[in-house]
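Colleague: Show me the folded form of this:
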Amino acid sequence: MELDPAEAHNSSEAAPQEPNLRDAVMRLRSVVETAADGIITINHRGIIDSINPAGARMFGYRPEELIGRNVSVLMPQPHAREHDDYLEKYLLTGEAHIIGTGRELQALRRDGTTFPMRLAVSEMVLSGHRCFTGIIADLGERRRLERQVLESAASEQRRIGQDLHDGLSQQLSAIDFAVELMRRKALKGIAPEPEQFHKLKDLIQSSILQVRQIAHGLQPVHFRVGGLPEALRELARTTAERFHIACRARCSPGVKIGDEATADHLYRIAQEATGNAIKHGKARAVRIQLAARDDTGLELAVLDNGIGFGATPSPPRSGMGLRIMKYRAGAIGADFRIGPLRNGRGTIVRCALGRQR
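Modeller: Presented below is the predicted three-dimensional model:
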C-alpha cells in the first residue's frame, strides 16, 4: 500500500510530535506532583477531579481519598454549606467571589482542626466542560512566625521596661537625692565635699551608659551613627564580653542598605545566628561578615567553629529561631541558606540580598 506524498509528509511531522507531547505531559505532571503548594481541580458541580500530594497532606488525606468527593469537605461551616450556592450562582450569573482572584480562607483538616490558607482559583474549559483549578498555600506556619516575631518584640519591650524600672529609674532617684542634699547644704552655707561630686558624676555616667544600652535595644541599627556595619561590630563586642568567646565582625566598605527595616531584619538575623552558634553549637569563635558583592548586591554571613551543623539533639536548623531567620529573609526578598563549613566542623549562615535601588 502506497501513501500519498502529502500524507507521508504529514505523517513524518506527526511522529516526532507525539513523544514531545508525552514529555510535556510528564513534565507538567511532575511539576504538579512535586509542588510545595496544593493544587486541586474540581468540576462544575464542585466534585474533586484531582489533588496533588502536597494538597492532600495539608488536609490530612491521601489523594485517592478525596477524588470524587465534594470540595466542601475541606471547608468548615458556614463556608462548606455555602460553597455549592457560590458555584451555582457563578455559573448562572458570572458573578465571582473567588474565581479569578485570590483570598484568605479557613480550611478544614480531616481531624477537624482548621488552618488559614491562601486560595487562588482559575477557570478552564476542557473538552467542552468547565472546571476550576485552585492553588492552595498553607498560611499556618507564616502566622505562627508572625506571632513569634511579635512576641519576641513584646518580650524585648518588657525587658527594657524592667531595666528602666530596676536600673535607670533607681539611679535617677539617687541622683535626685544627691542633688537635693547638696542644695540643702548650700543653703546652710556648707560647701559640698569633693567626694560627693565624684559620686554624683559616677551616677550620671552610669545612667548615660544605661540609656545608650536601652536605646540600642530599641533601635540597634542607627543610620546616622554607622548604620548596620557599626551595629554588627557592636553585636560582636557585646557577644565577646558577655559569653567570653572570640567574636569579630568584618564589614567591607561601601555597603549600602536601602531602608531601616531591611537593615533591622539583617541585624536580627545576625543576632539570632550568633545566639544559635553559642547556645546550640557550643562555639568558641564566631565571625560576622557583611560584604558588598558585584553580582548579588550584599551578603551577610555568620560563621562559627561549633560542633557542627545538625550535630546536636536539637539542631539550630530545626528550631523556631531558624524559621524566624528564614521569615525575616523572605520579608526583605533575600536568599537564606544554612549549612556546614567546608571542613565539616562548624556552621555558616548566609543571607544574600540583591542590589538595592
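Colleague: Could you use CA atoms for every contact and neighbour count after this?
Modeller: OK.
Colleague: can you list contacts of the helix or strand containing Asp49?
Modeller: Using DSSP states H and E, the element containing Asp49 is strand 48-51. Applying CA atoms under 8 Å, 6 or more residues apart in numbering, the external contacts of strand 48-51 come out as 38-43, 63, 66-71.
Colleague: Among these, name the ones in strands.
Modeller: Among the contacts of strand 48-51, DSSP state E puts 38-43 in strands.
Colleague: So, low pLDDT: which residues of the chain?
Modeller: Scanning the chain for pLDDT under 70 picks out the ranges 1-19, 79-101, 152-156, 212-226, 258, 294-296, 309-319, 344, 355-357.
Colleague: can you map out the strands along it?
Modeller: Under DSSP E, the chain gives strands at 38-43, 48-51, 102-108, 114-126, 129-138, 246-251, 285-293, 297-304, 335-340, 347-353.
Colleague: Let me see the ranges of the helices in this structure.
Modeller: Using DSSP state H, the helices of the chain run over residues 5-34, 53-59, 63-66, 79-93, 140-163, 169-187, 194-218, 227-243, 260-279, 320-331.
Colleague: Could you export these as JSON lines, including mean neighbour count and distance to Arg250?
Modeller: Converted to JSON lines, these look like this (neighbours: other CA atoms under 10 Å; distance: least, CA to CA, whole Å):
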{"stretch": "helix 5-34", "mean neighbour count": "12", "distance to Arg250": "40"}
{"stretch": "helix 53-59", "mean neighbour count": "21", "distance to Arg250": "42"}
{"stretch": "helix 63-66", "mean neighbour count": "15", "distance to Arg250": "51"}
{"stretch": "helix 79-93", "mean neighbour count": "14", "distance to Arg250": "55"}
{"stretch": "helix 140-163", "mean neighbour count": "14", "distance to Arg250": "27"}
{"stretch": "helix 169-187", "mean neighbour count": "14", "distance to Arg250": "36"}
{"stretch": "helix 194-218", "mean neighbour count": "14", "distance to Arg250": "20"}
{"stretch": "helix 227-243", "mean neighbour count": "18", "distance to Arg250": "8"}
{"stretch": "helix 260-279", "mean neighbour count": "20", "distance to Arg250": "12"}
{"stretch": "helix 320-331", "mean neighbour count": "18", "distance to Arg250": "20"}
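Colleague: right, and these - which one's nearest Cys251?
Modeller: helix 227-243 (5.8 Å; CA to CA).
Colleague: helices or strands next to the closest one in the packing?
Modeller: Under the contact definition 3 or more CA pairs under 8 Å, 6 or more residues apart in numbering; DSSP states H and E, helix 227-243 sits against strand 246-251, helix 260-279, strand 285-293.
Colleague: Can you pull out the residues in contact with it?
Modeller: With CA under 8 Å, 6+ apart as the criterion, helix 227-243 contacts 220-222, 245-251, 257, 263-264, 267, 270-271, 288, 290.
Colleague: Out of the strands of the chain, flag the one nearest Ile175.
Modeller: Nearest to Ile175, of all the strands of the chain, is strand 246-251, at 36.0 Å by CA to CA.
Colleague: can you give me the angle the closest one makes with helix 260-279?
Modeller: Going by axes from the mean of the first three to the mean of the last three CA atoms, to 10 degrees, strand 246-251 is angled at 150 degrees with respect to helix 260-279.
Colleague: Alpha carbons of the strand holding Asp49, as CSV, please.
Modeller: Only the C-alpha atoms of strand 48-51 are listed here, as CSV (Å, rounded to 0.1, in the frame of the first residue of the first chain):
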residue,chain,number,x,y,z
ILE,A,48,-12.8,17.0,43.2
ASP,A,49,-11.3,15.6,40.0
SER,A,50,-7.7,15.7,41.2
ILE,A,51,-5.4,16.9,44.0
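Colleague: centre of the chain versus that strand, how much separation?
Modeller: Counting by CA atoms, centre = their mean, to the nearest Å, strand 48-51 is centred 31 Å from the centre of its parent chain.
Colleague: In its sheet, which strands sit next to it, and in what direction?
Modeller: Using DSSP bridges, strand 48-51 pairs in its sheet with strand 38-43 (antiparallel).
Colleague: What residues are bridge-paired with the nearest residue to Thr133 once chain neighbours are set aside?
Modeller: Counting by CA to CA, 6 or more residues apart in numbering, Thr133 lies nearest to Thr41, which is 4.4 Å off, once chain neighbours are set aside. With DSSP bridges applied, Thr41 shows beta-bridge pairing to Ser50, Thr133.
Colleague: Tell me the spacing between Glu64 and Ile51.
Modeller: 8 Å (CA to CA, to the nearest Å).
Colleague: Tell me, how many residues neighbour Ala334?
Modeller: Number of residues near Ala334 (other CA atoms under 10 Å) recorded here: 20.
Colleague: give the contact list for the closest residue to it other than its chain neighbours.
Modeller: The shortest distance from Ala334 to any non-neighbouring residue, by CA to CA, 6+ apart, is to Leu353 (4.6 Å). By CA under 8 Å, 6+ apart, the residues touching Leu353 are 296-299, 332-335.
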